[in-house]
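Chemist: Build me a model:
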Amino acid sequence: MSSELDSDRPNIEDYLPSGSSIHEPPGKLRLRDLLDISPTLTEAAGAIVDDSFTRCFKSNPPEPWNWNVYLFPLWCFGVAIRYLILFPVRVIVLTIGWIIFLSSFIPVHFLLKGQDKLRKKLERALVELICSFFVASWTGVVKYHGPRPSMRPKQVFVANHTSMIDFIILEQMTAFAVIMQKHPGWVGLLQSTILESLGCIWFNRSEAKDREIVARKLREHIHGVDNNPLLIFPEGTCVNNQYSVMFKKGAFELGCTVCPIAIKYNKIFVDAFWNSRKQSFTMHLLQLMTSWAVVCDVWYLEPQNLKPGETPIEFAERVRDIISVRAGLKKVPWDGYLKYSRPRPEHKERKQQSFAESVLQRLEQK
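Modeler: As a prediction, the model looks like this:
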């Protein structure tokens, strides 16, 4: 792990003014002396320049190519095609999809109350249908690799997380029940109505009691024979599809088979990363619908089980390794929830203890 952090840490000398060096004549206070006091100061200096945590949630803008008089007219022509032709067509396609879906889902949901097995089967098919219309509205080019997930008890599917469209892309192939943050607006309305019929489980990060409720619902769901396959995004937040942050251990301590799913987006036409702090999901969809296409690969990987003597945390890291290697993601040792809250007190205490020990060791050497 340390080698990965060292390779990801910037070189301080690269950010000094040209002609400057950290190697100063003897007798002067050198930058190396300051940074050599403890690894904590070295980490702090690196964080000021550029930290690996922030880079996990940063969108990289595409390189401009319309920089001369020959290419600019082609770029303008492409913008006109995307916004004046493709976008209206995609809106019509999505509208037709919603009309078909709602005119079928509402009667099925309310008129087949006494026939649960048939109702659930039709609702699953209809949710897969509307997700297919969503993917078509982005001109989604999605390649699925591996066997399609099946409905079996005591199994859970886990995937890396880039955007809420991860769920839509996976859902058009298999009607998963998903563990998801409760959202406001029209997304929240869909969660509490349509997706509720799939057995999805919602939570609120700010509510501590939700964790116990979710854990109980997870165990109940995985033992149901007729329940939809359970899908969890163990990173707990959207990452920019270049890095992989720590997996939460909840999905790995259920005593069931874990089926990894790796999702990798090709940024040739659009960056599929959703930064929920800077962009609403509606604007994110508009960005996708005004691009040329969304290109994506999905791998259904070999199921994994807890090995003898292996802890849930070690199990989670092993599955994260499998997904990261397949999707070409760089692992970083960060908790994605730090994006939403301050560091935990115990984390700060460990850093303070490490700093104090290094200073005492330095003084003893003197």
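
Chemist: Can you get me a residue count around residue 110?
Modeler: Residue 110: 9 surrounding residues under other CB atoms under 10 Å. Bear in mind the C-beta positions are built from the backbone N, C-alpha and C, glycine included.

Chemist: Off-centre distance for the helix or strand containing it?
Modeler: Element membership for residue 110 (DSSP states H and E) is helix 87-111. Distance of helix 87-111 from the chain centroid (CA atoms, centre = their mean, to the nearest Å) equals 28 Å.

Chemist: other SSEs contacting that helix?
Modeler: helix 116-137, helix 281-289 (3 or more CB pairs under 8 Å, 6 or more residues apart in numbering; DSSP states H and E).

Chemist: can you list contacts of that helix?
Modeler: For helix 87-111, the surrounding residues in contact (CB atoms under 8 Å, 6 or more residues apart in numbering) are 119, 122-123, 126, 129-130, 132-134, 136-139, 194, 197, 289-290.

Chemist: same thing but 7 Å
Modeler: 119, 122-123, 126, 129-130, 133-134, 136-137, 194, 197, 289-290 (CB atoms under 7 Å, 6 or more residues apart in numbering).

Chemist: now do stretch 258-268
Modeler: With CB under 7 Å, 6+ apart, stretch 258-268 has contacts from 149, 155-160, 162, 166, 170, 241, 251-252, 272, 295-301, 303-304, 319, 322-323, 326-328.

Chemist: Can you tell me which of these are buried?
Modeler: 149, 155-160, 162, 166, 170, 241, 251-252, 272, 295-301, 304, 319, 322-323, 326-327 (16 or more other CB atoms under 10 Å).

Chemist: Just the ones in helices from these, please.
Modeler: In helices, defined here by DSSP state H, the members of the buried ones among the contacts of stretch 258-268 are 166, 170, 319, 322, 323, 326, 327.

Chemist: hang on, the earlier thing: pick out whichever of the contacts of helix 87-111 sits closest to residue 73.
Modeler: Set against residue 73, the nearest of the contacts of helix 87-111 by CB to CB is residue 290 (19.4 Å).

Chemist: and the closest one, how far is that from residue 89?
Modeler: Using CB to CB, to the nearest Å, residue 290 is found at 12 Å from residue 89.

Chemist: Those two: which is more packed in?
Modeler: Using other CB under 10 Å, the more surrounded residue of residue 290 and residue 89 is residue 290, with 15 against 12.

Chemist: what stretches of this protein score poorly on pLDDT?
Modeler: The chain contains residues with pLDDT under 70 at 1-52, 204-210, 339-348, 359, 362-366.

Chemist: ok, 50 please
Modeler: For the chain, the stretches with pLDDT under 50 are 1-5, 9, 12-16, 20-22, 24, 29, 48-49.

Chemist: show me where it has strands.
Modeler: Remark: strands assigned in the chain by DSSP state E are 140-145, 155-159, 177-181, 201-203, 230-232, 243-244, 257-266, 294-300, 330-331.

Chemist: Can you tell me which of those is packed in deepest?
Modeler: Of the strands of the chain, the one with the most neighbours on average (mean count of other CB atoms under 10 Å) is strand 230-232, at a mean of 25.

Chemist: Name every strand pairing with it and say which way it goes.
Modeler: Strand 230-232 pairs in its sheet with strand 155-159 (parallel), strand 177-181 (parallel), by DSSP bridges.

Chemist: Now those in CSV, please, with extra columns for distance to residue 82.
Modeler: Listed next are the strands paired with strand 230-232 as CSV, based on distance: least, CB to CB, whole Å:
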stretch, distance to residue 82
strand 155-159, 29
strand 177-181, 30
